[in-house]
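Peer 1: Next one to model:
(one chain, ligands or ions: 1)
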Amino acid sequence: MSNTQITRPLFDQVMVPNYAPLNMIPVRGEGSRVWDQENNEYIDLTGGIAVNALGHAHPELVEVLTEQAKKLWHISNIFTNEPALILAQKLVDNTFAEKVFFANSGAEANEAALKLARRFAFDNYSKDKSEIIAFYQGFHGRTFFTVTVGGQASYSDGFGPKPSDITHLEYNNLDALEKAISDKTCAVILEPLQGEGGVLLIDKEFAQGVRALCDKHNALMIFDEVQTGMGRTGELFAYMGLGVTPDVLTSAKSLGAGFPIAAMLTLTKFASSLTAGTHGTTFGGNPLGCAVANKAFDLINAPAMLQGVKEKEALFRALLTEINNEFSVFSEIRGAGLLLGAALNEQYQGRAKEFLLASAEQGLLVLIAGANVIRFAPALNIHNKQIQQAMVKFREAVKAVTLKSE
Ligand SMILES: Cc1ncc(COP(=O)(O)O)c(C=O)c1O
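Peer 2: Purely as a prediction, here's the structure:
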């Protein structure tokens with residue numbers, strides 16, 4: 001083992017091939033910068049896919065994690081623990097929620113939300129009220145239930161019989177929902193901005209219409225804020241800017257600012273269906289994750305931080321528009337806050353990955369959302385200067401791809 005070369009080919013030898021990572025291997029990060037094994041420096045606009053809300057190695061997060069590590073790492077849910085209770089109290093105090101369930105990933109938080117909706121309907125209405133309505137292009141995780149609820153059948157095909165009674169509809173199409181929803185529907189689950197699905201923003205009227213239809217049919221409105229939550233759109237949670245309040249909300253990604261932790265938030269009347277023993281997870285609410293999330297919560301839920309997200313969005317949009325004016329590659333810059341997508345125009349359809357690779361060549365890390373959208377989800381505290389530097393690099397990347405096309 002001591003002679004093993006820790007290089008990208010080792011991934012292909014020892015790892016299950018369900019990911020296709022880039023060739024460079026990051027070894028260190030600080031704020032919005034990352035260095036690879038050869039000490040090459042990159043500006044990071046991926047934010048660990050909308051996770052590292054406060055950048056890499058934030059000193060206050062490192063301190064709180066280290067302090068907690070010296071006290072109590074894991075205790076199990078046979079006990080409760082102080083960091084979990086403090087975090088739950090903060091979430092309750094600052095959102096619509098009255099009750100919190102902690103999990104470890106977005107998929108697990110959504111699994112809990114969907115199970116809660118089914119159980120609440122079973123307990124209070126009938127066993128036939130089990131339909132879940134979701135939307136095409138939606139993404140809710142990779143457990144078999146959540147991936148089946150997600151809006152791309154190809155992600156759930158080939159794994160045997162799927163969980164049933166799940167209906168998919170067009171996102172932002174209220175007529176379609178009005179026709180489909182009934183008293184057999186127990187929940188409607190949606191993202192306030194479809195992140196993986198192409199950075200598609202919800203229409204406010206649609207969100208409000210979903211709320212009204214859920215009320216009419218006693219269905220729970222579940223907002224999947226795994227990607228949009230914790231400041232990403234410039235609100236603490238995106239629902240706060242939409243004039244609607246969900247019944248259940250899931251959060252993960254930025255909640256732990258890089259430490260794996262997730263939460264499902266809901267109201268007491270719904271939570272009461274998950275009685276002791278109905279649901280659980282070994283690591284959920286572990287003290288390390290909750291301690292980090294507590295500090296991250298305080299740092300993110302500050303007016304200057306949230307206002308900064310909106311200002312940085314404006315800067316990104318202005319600089320991306322300049323690039324587009326020069327090279328005509330995007331049909332649209334869309335999204336909200338620091339979850340932005342540059343959608344490729346007709347001429348560049350299917351080529352988002354080329355832009356990602358050309359950016360990496362320039363020392364810039366970006367994301368894609370499908371084959372047609374370049375996605376940016378940087379740390380919320382990225383410096384304006386770094387955004388400017390990043391866009392100089394991105395311009396070079398765009399130039400390289402367009403030159404190749406000539
Ligand atoms: C909206 C949304 N929900 C759920 C998930 C799944 O989260 P996880 O990968 O932590 O299970 C994701 C991940 O990208 C997401 O964007």
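
Peer 1: what does stretch 51-59 contact?
Peer 2: 28-34, 44, 47, 61, 230-232, 253-254, 256-258, 296, 299-300, 379-382 (C-beta atoms under 8 Å, 6 or more residues apart in numbering). Yep, even glycine has a C-beta here, placed from its N, CA and C like the rest.

Peer 1: Tell me the buried residues in it?
Peer 2: Judged by neighbour count using 16 or more other C-beta atoms under 10 Å, the buried positions of stretch 51-59 are V51, N52, A53, L54, G55, H56, H58.

Peer 1: mind checking how far the third one is from the ligand?
Peer 2: Shown here: A53 relative to the ligand, a distance of 14 Å by C-beta to the nearest ligand atom, to the nearest Å.

Peer 1: The residue in the stretch 251-400 of the chain positioned nearest to the ligand: how many residues sit nearby?
Peer 2: Residue of the stretch 251-400 of the chain nearest the ligand, by C-beta to the nearest ligand atom: A252 (4.7 Å). For A252, the neighbour count with other C-beta atoms under 10 Å is 28.

Peer 1: And the pLDDT for it?
Peer 2: Listed pLDDT for A252 reads 98.

Peer 1: Kindly provide the distance from it to N94.
Peer 2: According to C-beta to C-beta, to the nearest Å, A252 stands 17 Å off from N94.

Peer 1: Would you tell me whether the one helix or strand E108 maps to gets close to the ligand?
Peer 2: Counting by DSSP states H and E, the element that carries E108 is helix 106-124. Yes: using C-beta under 6 Å from any ligand atom, we find that helix 106-124 touches the ligand at G106, A107, N110.

Peer 1: What are the neighbouring residues in contact with the residue of the stretch 101-250 of the chain found nearest the ligand?
Peer 2: When distances are taken as C-beta to the nearest ligand atom, the stretch 101-250 of the chain reaches nearest to the ligand at G106, 2.3 Å away. Listed by C-beta under 8 Å, 6+ apart, the contact set of G106 reads H140, G141, D224, V226, Q227, T250, A252, K253, A262.

Peer 1: Which members of those residues occur in helices, if any?
Peer 2: The subset of the contacts of G106 located in helices under the criterion DSSP state H is empty.

Peer 1: before we move on, back to that, pLDDT of the helix holding E108, averaged?
Peer 2: Mean predicted lDDT for helix 106-124 stands at 98.

Peer 1: So which bits of that helix are buried?
Peer 2: For helix 106-124, a neighbour-count test (16+ other C-beta under 10 Å) marks 106-121 as buried.

Peer 1: What separation do you get for M230 and E98?
Peer 2: The gap separating M230 from E98 is 19 Å, by C-beta to C-beta.

Peer 1: between those two, which one's more packed in?
Peer 2: M230 (27 against 14).

Peer 1: what helices or strands is the top helix by length along the chain leaning on?
Peer 2: Criterion DSSP H: the longest helix present in the chain is helix 303-327. Here helix 303-327 touches strand 330-336, strand 339-344, helix 384-405, going by 3 or more C-beta pairs under 8 Å, 6 or more residues apart in numbering; DSSP states H and E.

Peer 1: could I get those as TSV with mean pLDDT and distance to the ligand?
Peer 2: Formatted as TSV, the helices and strands packed on helix 303-327 follow (pLDDT from 0 to 100; distance: least, C-beta to the nearest ligand atom, whole Å):
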stretch	mean pLDDT	distance to the ligand
strand 330-336	98	13
strand 339-344	98	10
helix 384-405	96	22
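
Peer 1: ok so, going back, correct me, but the residue of the stretch 251-400 of the chain closest to the ligand touches V226?
Peer 2: Yes: contact criterion C-beta atoms under 8 Å: A252 and V226 qualify, at 4.5 Å.

Peer 1: Find residues that contact each of these two.
Peer 2: Common neighbours of A252 and V226 (C-beta under 8 Å, 6+ apart) are G106, A109, A262.

Peer 1: I'd like these laid out as CSV, including distance to G277.
Peer 2: Below are the shared contacts of A252 and V226 laid out as CSV (distance: C-beta to C-beta, whole Å):
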residue, distance to G277
G106, 24
A109, 19
A262, 21
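
Peer 1: ok, of these, which one's closest to G243?
Peer 2: Distance to G243 across these (C-beta to C-beta) is lowest for A109, with 23.7 Å.

Peer 1: pretty sure that closest one is touching V226, no?
Peer 2: Yes: using C-beta under 8 Å, A109 is in contact with V226, at 6.7 Å.

Peer 1: Now for those two: what residues contact both?
Peer 2: With C-beta under 8 Å, 6+ apart, A109 and V226 have common neighbours T250, S251, A252, A262.
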